[in-house]
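Novice: Got a predicted structure here, sequence first:
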Amino acid sequence: MRVIQWTPAAAVSSGDIVTMGGTNDATLGIALADIASGESGSVGVNCGVNAAKVSAAVFAAGESLVWDSSASAFDDNAATPASGDVSGSCMADTAGANAETTCRVWLTGIPATLTA
């Protein structure tokens, strides 16, 4: 895991998946502690995490995933990204089946696309 310092515009809680960067260089990370708005805090990138999953999403290990910001959950790459969603910054660590609500993902730390 690589730990970076990041300053959010709104407070985040430890364990939250966070979106950093802009439209063409968005990266996903996981807050390692509570971080107050405007304060710097530790975020993990290039790491595997257990996270929420869109229950209807089905994907294979190694598949690129979409972070659905409105659901605060990962979706398969067949999903159409909406405003605030991030595509291409993570992949499935394990397969995800229909009706499951959690998954194991790898937050690659690679800049990706944030849908405007």
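Specialist: In hand now; what should we look at?
Novice: what's around residue 84, how many residues?
Specialist: The local packing of residue 84 (other C-beta atoms under 10 Å) involves 14 other residues. Every C-beta, even on glycine, is put in place using the N, C-alpha and C of the backbone.
Novice: Nearest residue to it in space, please, no chain neighbours.
Specialist: residue 69 (3.7 Å; C-beta to C-beta, 6 or more residues apart in numbering).
Novice: ok, that neighbour to residue 20 distance?
Specialist: Per C-beta to C-beta, to the nearest Å, residue 69 is found 13 Å from residue 20.
Novice: If you count surrounding residues, which of the two has more?
Specialist: Between residue 69 and residue 20, residue 20 has the larger neighbour count (other C-beta under 10 Å), namely 20 against 17.
Novice: check contacts around that one.
Specialist: For residue 20, the contacting residues are 6, 26-29, 43, by C-beta atoms under 8 Å, 6 or more residues apart in numbering.
Novice: Equivalent analysis for residue 84, please.
Specialist: 19, 69-70, 114-115.
Novice: tell me the two of those residues that are most distant?
Specialist: 70 and 114 (13.4 Å; C-beta to C-beta).
Novice: Now for the two: what residues contact both?
Specialist: Applying C-beta under 8 Å, 6+ apart, one finds that residue 70 and residue 114 are jointly contacted by 84-85.
Novice: higher neighbour count, the two?
Specialist: residue 114 (25 against 9).
Novice: Give the buried residues for stretch 95-108.
Specialist: 96, 103-108 (16 or more other C-beta atoms under 10 Å).
Novice: out of those, which one sits closest to residue 63?
Specialist: Within the buried residues of stretch 95-108, the smallest distance to residue 63 is 8.4 Å, found for residue 96 (C-beta to C-beta).
Novice: okay but the closest one is in contact with residue 55, surely?
Specialist: No - using C-beta atoms under 8 Å, residue 96 is not in contact with residue 55, being 9.6 Å away.
Novice: what sits against the most centrally placed residue in the chain?
Specialist: Centroid check for the chain by C-alpha atoms, centre = their mean gives residue 28 as the closest residue, at 4.5 Å. Residues near residue 28 by C-beta under 8 Å, 6+ apart: 17-20, 45, 67, 86, 89-90, 107, 112.
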